[in-house]
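> structure of the sequence below:
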Amino acid sequence: MSLRRHAASAVSLSALLVAAPVLAQPRPSQQPAQRGGAPKPETPYILVPVLQSSDKLLGVTTADEIRSRFQGEHSAQELYVIPKNNINGTLEASGYKADSALNASDLMELAKQLRGDFVLEGKVSKGTGNAVRLETRILTRSGQQTLSQPLPAIDGRDVGDAAKQIERAVSEALKGVPGYKLCKNDYLAQKYDQAIKDAQASIVAYPNTTLGRMCLLTVYQQQKAAPDSIIAVSEAILQRDPGSMIALTNAAEAYKAKGDKDKVIDYELRVWRADPQNSANAQSIIRDITNFGSPEIGVKIVDTLLTQNPGDPEMLHTRWLLLLKAADAGNRAMWKEAIKAGEEWVKADTAALTMEFVNRQIGAAQRDSDAAKVQEVAAKGSQKFPKEISLHLLLAQIYLRAGQSQQAMTEARRAMDIDPKSTTAALFAMTAANNMSQPDTAMAIAQKAISGGASKDSLGQVLLQNAVPAISKAQNTKERADWEAALRASQAVDAVAPSTQSKFFIGLSAFSISADALTNVQKAAGPKATKAEKAQGCDEVKVAEDNFATAQIAIPAGAGFDKNAAGQLMQGIQTYLPYIPQFKKALGCK
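Predicted structure coming up:
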């Protein structure tokens, strides 16, 4: 904790007290206020500091009255009250005003310098007339921990009456201390059974003791007692000290061991509320709560932490992850909030904009069925990571679905530049070209991709999209010009990416052209045919002969596409071929 040294910069009381001279402890001749002579080595020391109050003078005078009351009721050998002069001298030597009301952490440091075993910490407030109200507790140190013994609230007619009541309350509470100290010593000596008996003796001596129960809880922890035993002691402490972090965390861990999800969440939240500014503790609580399937609660905790420290990158990151988990668990309304949280995180921490982040944001937008956000995230990601092929492929796919072929072509070509052998990139580019009625562009893309190592088979299927319409048209019109166009389209595809389908299309087109040519030959071979018609007939015989040759090569190779049709075409060729020599002879073809 930090205090201000008058108007100087903030410094810790702990550091100042270490540097400050330690005042000598009083002797009876120097401090006649407390009877009984000098304290013994085993005598406990109690520090009664200035109490917290909106009225600073009331805090000082109440502490003085309580201190005086203790000195009058207890001998210095029974309970030594650290004198006011020693308290003020130590504070002033460290640069603090004597009327400073310190927080609990700094009080424990002050007590350490003054050999204080116990600290009476609390606040005093005014009532009606001279009446005052005291809310106090006894603090003591155990190792690195500060233990608390709450005392009953005191309503006094005046400061003197309140001091009288608080002295009695403290004296009652201290009855439990001997058993607590024995428990602590036996625990350290690993005499656990005896330590339990000591703790129970402490509880008998002062039924409301939290110190004795704290020692009992420590023993149970060491012995790995059953969760129910730990819960019972923790609950007993919390009944008397609801803000005890030790009891709260032990209860939470015990309920976790029992698998009681609701209780774990309840106690973890109580731990957080007891110290909401402890971000490290909050992070641990958030993890536990999230593991028990309640990320929404974790989000609320993070939101509270962010109000204390807006823009904290770590908290923003945690919030994003929690919202993703909540959305993934079924709260679909949180997908949009998760995406927004991610954007806020990378604004606060630009180094967080990684490909992993981009992919998770894209995934969130896809789960939210938000195509526009998917495109937006991918586009921003591609600007940050221009060599990341997956983003360009995703954008190409998005543009194709949206009918934006030119944009799809651009992104697909960028992907091909990154990875020339990417079949997917080439397919997207070819599809975009086909959509824009640019078959030559699609063909050029396929040739480039195949030379780069892309799959011929996959690209051939896209190229056939250009041949299929031509085949269909020829089948409908039966026009020879259309069959010739179909043959050229099929041969172009086959030259780049041959397949059984392209071979079949070549054979079908060539056969159909031959059949049409023979029909024309029959007309030219009639008895009344002119010399010119016979010459033209010879040209048609040549067309039929050449295309039958093409068909005879292509059809067997394309049989895998349509075996029955291929068989019928081959049978047709065998039927027509014997007529070729006869037509040549009849027409006088050379």
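> and Val468, how many residues sit next to it?
By other CB atoms under 10 Å, 15 other residues sit near Val468. No exception for glycine: its C-beta is placed from N, CA and C like everyone else's.
> tell me the pLDDT of it.
Turning to Val468, the model gives it a pLDDT of 90.
> please apply the same query to Leu47.
pLDDT, Leu47: 96.
> kindly report the same for Ile506.
95.
> quick one, what contacts it?
Ile506 makes contact with 487, 490-491, 494, 550-551, 554, 558 under the criterion CB atoms under 8 Å, 6 or more residues apart in numbering.
> that one and Lys123, how far apart?
Noted for Ile506: a distance of 98 Å to Lys123, by CB to CB, to the nearest Å.
> low-confidence ranges, the stretch 201-350 of the chain, go.
Scanning the stretch 201-350 of the chain for pLDDT under 70 picks out no residues.
> residue ranges of the helices in it, please?
Here the stretch 201-350 of the chain has its helices, by DSSP state H, counting those that start in this stretch, at 211-223, 227-240, 245-258, 261-274, 279-291, 295-308, 313-328, 334-348.
> which residues sit in contact with Val271?
The contact partners of Val271, taken as CB under 8 Å, 6+ apart, are 245, 248-249, 252, 281, 285.
> which of those lies closest to Val468?
Ile285 (63.3 Å; CB to CB).
> list the contacts of that closest one.
Counted by CB under 8 Å, 6+ apart, Ile285 has contacts 268-269, 271-272, 301.
> and this structure, what are its domain boundaries?
3-174, 293-384, 386-454, 476-587 (automatic domain parsing).
> hey, which helix is longest across the protein?
helix 531-557 (DSSP state H).
> from the contact counts, what lies against that helix?
Where contact means 3 or more CB pairs under 8 Å, 6 or more residues apart in numbering; DSSP states H and E, helix 531-557 is packed against helix 500-524, helix 563-576, helix 579-587.
> could those go into TSV alongside distance to Asn291?
Shown next, in TSV, are the helices and strands packed on helix 531-557 (distance: least, CB to CB, whole Å):
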stretch	distance to Asn291
helix 500-524	55
helix 563-576	60
helix 579-587	83
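> highest average neighbour count across those helices?
Mean neighbour count (mean count of other CB atoms under 10 Å) peaks for helix 500-524 among these, with a mean of 22.
> specify the angle between that one and helix 531-557 in degrees.
Interaxial angle, helix 500-524 versus helix 531-557 (axes from the mean of the first three to the mean of the last three CA atoms, to 10 degrees): 160 degrees.
> now helix 500-524: how far from the chain's centre is it?
Its chain's average C-alpha position is 66 Å from that of helix 500-524, according to CA atoms, centre = their mean, to the nearest Å.
> again, but for stretch 66-78
57 Å.
> same check, this time on stretch 397-407
Computed by CA atoms, centre = their mean, the separation of stretch 397-407 from the middle of its chain amounts to 32 Å.
> and that stretch, what's buried?
Neighbour-count burial for stretch 397-407 flags 397-400, 404-405, 407 (criterion: 16 or more other CB atoms under 10 Å).
> could these be laid out in CSV, adding pLDDT and distance to Ala232?
Below are the buried residues of stretch 397-407 laid out as CSV (pLDDT from 0 to 100; distance: CB to CB, whole Å):
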residue, pLDDT, distance to Ala232
Gln397, 95, 61
Ile398, 95, 60
Tyr399, 96, 66
Leu400, 95, 66
Gln404, 96, 68
Ser405, 96, 72
Gln407, 96, 68
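> where are the low-confidence patches of the protein?
1-33.
> centroid residue for it?
Leu321 (2.1 Å; CA atoms, centre = their mean).
> tell me who's in contact with that one.
With CB under 8 Å, 6+ apart, Leu321 has no contacts at all.
> try it again with 10 Å
286, 290, 295, 298-299, 302, 338, 341-342, 345, 360 (CB atoms under 10 Å, 6 or more residues apart in numbering).
> now swap in Lys503 and tell me
Contacts of Lys503 by CB under 10 Å, 6+ apart are 490, 494, 553-561, 566.
> can you select the buried ones among those for me in PyMOL?
Provided next is the PyMOL selection string for whichever of the contacts of Lys503 are buried by 16+ other CB under 10 Å:
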select buried, resi 490+494+554+555+557+558+559+561+566
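> now the contacts of Lys503 in a markdown table, with distance to Lys256?
Below are these laid out as a markdown table (distance: CB to CB, whole Å):
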| residue | distance to Lys256 |
| --- | --- |
| Ser490 | 71 |
| Asp494 | 69 |
| Ile553 | 77 |
| Ala554 | 74 |
| Ile555 | 75 |
| Pro556 | 74 |
| Ala557 | 70 |
| Gly558 | 69 |
| Ala559 | 69 |
| Gly560 | 64 |
| Phe561 | 65 |
| Ala566 | 72 |
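> ok, so of the contacts of Lys503, who is nearest Lys380?
Nearest to Lys380 among these, with distances taken as CB to CB, is Asp494, at 42.7 Å.
> so Lys380 sits right up against Gly342, yeah?
No - assessed by CB atoms under 10 Å, Lys380 is found out of contact with Gly342, at 11.6 Å.
> more neighbours, the two?
Set Lys380 next to Gly342 and count neighbours by other CB under 10 Å: Gly342 wins out with 25 against 16.
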